[in-house]
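> here's my sequence, what's the structure:
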Amino acid sequence: MAQIIDSLADSRRSTNPLFNANKLKLGTFGTNVSGGCSITKAPGSLEMNWQNVSSISRLADEMGLEALVPVARWRGFGGETDFNSHCFETYTWAAGLGGQTEQAAVFSTSHVPTMHPILAAKQATTIDHITGGRFALNIVVGWYQPELEMFGSKIMEHDTRYDYADEWIEVIKLLWTEKDEFSYDGKFFQVPNGFHQPKPLQGPFPALMNAGGSERGKRFGAKHCDMMFIAITNPDPEAIRAEIESVRKIAREEFGREIQIWTNSYVVHGNTEQEAREYYDYYVNQMGDWEAADNLIRVLGINSKMAPKDVIEGIKSQFIAGYCGYPLIGTSEQIAEGLQTLSDVGFNGSLLSWVDYEAGLRRFSTDVMPLLEQAGLRMPFSRET
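Below is the predicted model:
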């Protein structure tokens, strides 16, 4: 079975860079929402307009990054910045960028309770054709109650969310692969005489990603997806390696599959480590929107009953810094070393964020990418290769 999945990935290798040979793949995260991934009032924080989105995405594409991954948001988190309140819907965002990019995989991030699978399948197929087979879908089961209430929905019990998502993606895969009409009769979805043409360019279907930290979430991703997104909650390398292997073990032993494991990182780049840490202190501790961060973690269920106050404050600071990503703080060499560490513990890729994405990407391109190539983590990139 694992060989079948491997050959499946090979069939998409010619169009989708997510299956290329780079040891550590890279992408941008959160460039469709105001503030990006940094909950800060610092100057340079991402202002949400199409010119900014387009410029950042084209730059990442020209650098050879593999992935452009948006955050699915429908409302912000309050505070002085109302973090993420200005947001572009991710399917139309991906369609627009698909026509402006040439290399990167363009993702949609889809909340399954807000989108019927027939519509999701059709929109995904359309974007796959626009991009020439570079579309990918990030599946989110839904966790932000104020957003779901806007749709007249309530958050389902944890495991029920994944039962619902199981049926949702099963219907989509049938639409993407069945040549003839089919009927689906599930607990949540009934599809009589289902039909879908044309099929996606990627055969049999576009690349899929999911982030799930619970055991049920891990099983969902291991069963259905090509990439699992794991947030690093314990910085100890052995703990990270064990977490990654636990997901790979589920994929191999329960579903006969090999999957990629990704995470997210925030970059604070300085001429010296001290300079980088001083800027971190500025945009997090001095200019952070702590009220918005407090609102975010409260929605996630993180509170004083779960952890001491100093631990809670530390979690808030990491969300402010870059959506609780892995810290890449320091000189070019230190950032490259941090990415080497991620590769060494078993990650296949990392999504990156900055306070100022465009300036950060340009410096990363000139100062860090050559070091990653020298380390053997990435191959030299040009549009001609």
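
> alpha carbons only for contacts and neighbour counts from here, please
Will do.

> can you pull the pLDDT of the residue most central in space within the chain?
The centre of the chain sits closest to Val69, judged by C-alpha atoms, centre = their mean, with a distance of 5.0 Å. Note on Val69: pLDDT of 98.

> how about Gly212?
According to the model's per-residue confidence, Gly212 sits at a pLDDT of 81.

> so which residues of the stretch 1-150 of the chain form strands?
In order along the chain, the stretch 1-150 of the chain carries the following strands (DSSP state E, counting those that start in this stretch): 25-29, 67-69, 105-111, 135-140.

> for this structure, which spans come out with low pLDDT?
Applying pLDDT under 70 to the chain flags the ranges 1-10, 301-308, 383-385.

> the helices in it, which residues?
Across the chain, reading from the start of the chain, the helices by DSSP state H fall at 2-12, 50-63, 90-98, 117-130, 145-150, 158-177, 215-224, 237-255, 273-280, 290-299, 309-322, 332-345, 357-363, 369-374.

> please save the CA atoms from the last one in CSV.
Only the C-alpha atoms of helix 369-374 are listed here, as CSV (Å, rounded to 0.1, in the frame of the first residue of the first chain):
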residue,chain,number,x,y,z
MET,A,369,18.9,30.5,0.9
PRO,A,370,22.5,30.1,-0.2
LEU,A,371,23.4,28.7,3.2
LEU,A,372,20.5,26.2,3.0
GLU,A,373,21.8,25.1,-0.4
GLN,A,374,25.4,24.7,1.0
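
> the chain should start at 54 in everything you say after this.
Got it, first residue is 54 now, which makes that one helix 422-427.

> only the buried residues of it, if you could.
Met422, Pro423, Leu424, Leu425 (16 or more other C-alpha atoms under 10 Å).

> tabulate the strands of the stretch 54-203 of the chain (CSV), appending distance to Ala264.
Formatted as CSV, the entries for these read as follows, by distance: least, C-alpha to C-alpha, whole Å:
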stretch, distance to Ala264
strand 78-82, 13
strand 120-122, 12
strand 158-164, 11
strand 188-193, 7
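
> out of those strands, flag the one nearest Phe417.
Counting by C-alpha to C-alpha, Phe417 lies closest to strand 78-82 out of these; the figure is 11.5 Å.

> between that closest one and helix 103-116, how many degrees?
If you take axes from the mean of the first three to the mean of the last three C-alpha atoms, to 10 degrees, strand 78-82 sits at 180 degrees to helix 103-116.
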